[in-house]
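K.L.:
Make a model of this:
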Amino acid sequence: MTTVQSIDRAFGLLEELALQPGGISDLARKVGLPTSTVARLLATLEGCNAVERDPDGTVYRIGPSIVTMAVSVDPTQSLLAVAQPHMFDLVDAVAEAVGLAIPAGYDVQYVGQVDCANPVQVRDWTGAKLPMHVVPSGLVILAHWPEEAIERFLTRPLDRYTPNSMVDPDQLRERLAKIRSDGFAWVFEEFSEGINSVAAPLLNSTGSVVGALHSHGPSYRFPMESMDDVIAGRIAATAGAVSEALGHLA
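P.N.:
Prediction:
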């Protein structure tokens, strides 16, 4: 059977990174290739978000596009199965609908939702795809992308859905930096007037973002006065518990 050498080599690198993140020299040793060849392959894979680097730029790991493909194969049986028990507990804690989303290109796709007892103004978004920049699930996922991928996202035209939608690239860069620091994101009527929402990222065993856990409700009651930090903390803690179940070590 005829094979394409570069694809075969790239897949070998991805298999190694799926087992454990590593640097160029370490990966070259494991796959038996020159470091220059490995560096070129990684640069190509990084360009299409198949791999990403840690903050110091020396260690590579599986990137968001591979994670998206893997999770989207059967999200109901994988990520949702792990997250759903935590989602029911979170609904009881925040008294609003709780949902799960995964990255889908430059959108997020909602793959599950648990409604609260009184879901006023809130629909079930399961199956819907929404732009990353106007929903908190998208923002917390985008915040964990490599800088190059973020810049590619921000160079695209960004649609405004309500008067509150943030579409200025510089403002979004500052916002994403704050989200990385805080560990969560609030959105106040930026996608739909009358609806506020908050989300935190879900990470797997390699530290890659695989989705987001969010809660949303009508703006007149969510969040209640002075409760936004408390609710965000609960969302982040629950997302941390799901991430731990996925093998992520904080």
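K.L.:
And the spatially most central residue of the chain, how far from Thr44?
P.N.:
The centroid of the chain falls nearest to Ile141 when counting by Cα atoms, centre = their mean (2.8 Å). Separation of Ile141 from Thr44 (Cβ to Cβ, to the nearest Å): 23 Å. Where C-beta positions appear, they are placed from N, C-alpha and C, glycine not excepted.
K.L.:
for stretch 193-207, which positions count as buried?
P.N.:
195-207 (16 or more other Cβ atoms under 10 Å).
K.L.:
Turn those residues into a markdown table, columns for secondary structure and distance to Val135.
P.N.:
As requested, these are arranged in a markdown table below (DSSP: H, G, I helix; E, B strand; the rest coil; distance: Cβ to Cβ, whole Å):
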| residue | secondary structure | distance to Val135 |
| --- | --- | --- |
| Ile195 | strand | 10 |
| Asn196 | strand | 11 |
| Ser197 | strand | 7 |
| Val198 | strand | 10 |
| Ala199 | strand | 8 |
| Ala200 | strand | 13 |
| Pro201 | strand | 13 |
| Leu202 | strand | 15 |
| Leu203 | strand | 19 |
| Asn204 | coil | 21 |
| Ser205 | coil | 26 |
| Thr206 | coil | 25 |
| Gly207 | coil | 23 |
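K.L.:
Just put those residues in a markdown table and tack on distance to Glu96 and pLDDT.
P.N.:
Output for these, formatted as a markdown table (distance: Cβ to Cβ, whole Å; pLDDT from 0 to 100):
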| residue | distance to Glu96 | pLDDT |
| --- | --- | --- |
| Ile195 | 10 | 93 |
| Asn196 | 9 | 95 |
| Ser197 | 9 | 96 |
| Val198 | 9 | 98 |
| Ala199 | 12 | 98 |
| Ala200 | 15 | 98 |
| Pro201 | 19 | 97 |
| Leu202 | 19 | 96 |
| Leu203 | 23 | 93 |
| Asn204 | 26 | 89 |
| Ser205 | 30 | 85 |
| Thr206 | 31 | 85 |
| Gly207 | 29 | 88 |
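K.L.:
And these, which is closest to Gly183?
P.N.:
Checking the buried residues of stretch 193-207 against Gly183 with Cβ to Cβ, the nearest one is Ala200 at 6.1 Å.
K.L.:
Domain ranges for the protein, per the record?
P.N.:
Listed by automatic domain parsing, the domain ranges of the chain are 5-62, 69-245.
K.L.:
now for the helix or strand containing Leu14, which elements pack on it?
P.N.:
Here Leu14, judged by DSSP states H and E, is contained in helix 5-19. Applying 3 or more Cβ pairs under 8 Å, 6 or more residues apart in numbering; DSSP states H and E, one finds that helix 5-19 contacts helix 24-31, helix 35-47, strand 51-53, strand 60-62.
K.L.:
Could I get the buried residue list for that helix?
P.N.:
Arg9, Ala10, Gly12, Leu13, Leu14, Glu16, Leu17.
K.L.:
Stretch 82-97 now?
P.N.:
Val82, Ala83, Gln84, His86, Met87, Leu90, Val91, Ala93, Val94, Ala95, Glu96, Ala97.
K.L.:
And stretch 115-131, by the same measure?
P.N.:
For stretch 115-131, by 16+ other Cβ under 10 Å, it's Cys116, Val122, Trp125, Ala128, Leu130, Pro131.
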